[in-house]
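[1] Prediction below, plus the sequence it came from.
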Amino acid sequence: MDWLLILLTIAGLIVFETVSSVDNAIINADVLATMSLRARRWFLVWGLIIAVFVVRGLLPWLIVWMTTPSLGPVEALLATFSSDPAVLAAIEESAPILLIFGGMFLILLFFHWLFAEEKNCYLRSERFFSRQAVWFYAIASILLSVIVWFALQINTMMGFAAVLGSTVFFIVHGFRKNAEVQEARMMGSGMSDVSKLAYLEVLDATFSIDGVIGAFAFTLSVPLILIGNGVGAFVVRELTVRGVDQIRKFCYLKNGAMYSILVLGTIMLADSFGFRIPTWLSPIATFIIVGFFLFRSVQQQKKGAIGST
């Protein structure tokens, strides 16, 4: 992997981690506003260390290690930089299992947003699908059945990984629904700062799963994921403190994140079935999609400003 591709990959990871964590930043800011200055400082310093090294570092390493059990912990960490033929063969063999798991998770994440979540609709099709929420579970079931059927023709573990990807999606979705209820409770109760800090760390881990799994569409290198997602986590923390009100004004930023998730999920699924996708495609597609929806958000802001004068 040459240096230009490494820098492109890290930049793509930073952008993706940032835009996919916007909801997390908004919830964090709302809860932090009810906490003492000392607790807020703890969250921004020690909470960032936990977010980067424990969640965005440990989790991808565990995923690579679990899908490549023939490698040791150190080999799993540095596998993509190894020249050992045995290590490269192990990664090549396990990559489809990891990719189909992640691709299934991301595709379901996108379709749930498209069908069942409130959104600022930019495309006409988004308004249409938003009125068809009842069909989400049918679409999810059909997609899972088709992907598992094709996966089983290749490898039994690939079929299992696709099912596991959907399982993780529904578990994470359940945690997030509960987070909305808990946030409402905390805003109106006398819950201690320690309890709120614990809640925010669990919430960060839950929301970071999108970025961690999506990162494997960019690279299987754990050190690069740690750097890219770590910098992205720092950006999200800064937005939480200084710019969350500004972020709310970019009404289509979430749309950009979700269409990026659709593209990355599709790339992961295609790659898992043997279609060789260029490594540069994931970051370039992310830049284009996020950039477009950021541009449209700025235009919408200007229209709103003109309309209010």
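    Okay, I see it. Numbering: from 1, shown residues only.
[2] separation between the closest residue to S36 other than its chain neighbours and V45?
    In space, and not counting its chain neighbours, S36 is closest to D193: 5.7 Å by C-beta to C-beta, 6 or more residues apart in numbering. In short, each C-beta sits where N, CA and C put it, glycine included. Distance, D193 to V45, using C-beta to C-beta, to the nearest Å: 15 Å.
[3] And for I277?
    39 Å.
[4] Equivalent analysis for G12, please.
    Where V45 is concerned, G12 sits at a distance of 27 Å (C-beta to C-beta).
[5] cool, and R176?
    Computed as C-beta to C-beta, the R176 to V45 distance reads 26 Å.
[6] A51 too?
    11 Å.
[7] Check F218 too.
    Using C-beta to C-beta, F218 is found at 28 Å from V45.
[8] and these two? which has more neighbours close in?
    Using other C-beta atoms under 10 Å as the criterion, F218 and V45 rank with F218 on top: 26 against 10.
[9] Now do the helices in the stretch 51-200 of the chain.
    Ranges of helices within the stretch 51-200 of the chain are 59-67, 73-78, 85-116, 124-130, 136-152, 156-187, 193-215, based on DSSP state H, counting those that start in this stretch.
[10] Just the pLDDT for the residue nearest to G12 when sequence neighbours are not counted.
    Distances taken as C-beta to C-beta, 6+ apart place P283 nearest to G12, at 2.6 Å, with adjacent residues excluded. On the pLDDT scale, P283 is placed at 95.
[11] residues near P283, how many?
    By the criterion of other C-beta under 10 Å, P283 has 24 neighbours.
[12] show me the contacts for it.
    When contacts are counted by C-beta atoms under 8 Å, 6 or more residues apart in numbering, P283 touches 8-9, 11-13, 15, 218.
[13] Would you check how far apart it and I14 are?
    Computed as C-beta to C-beta, the P283 to I14 distance reads 10 Å.
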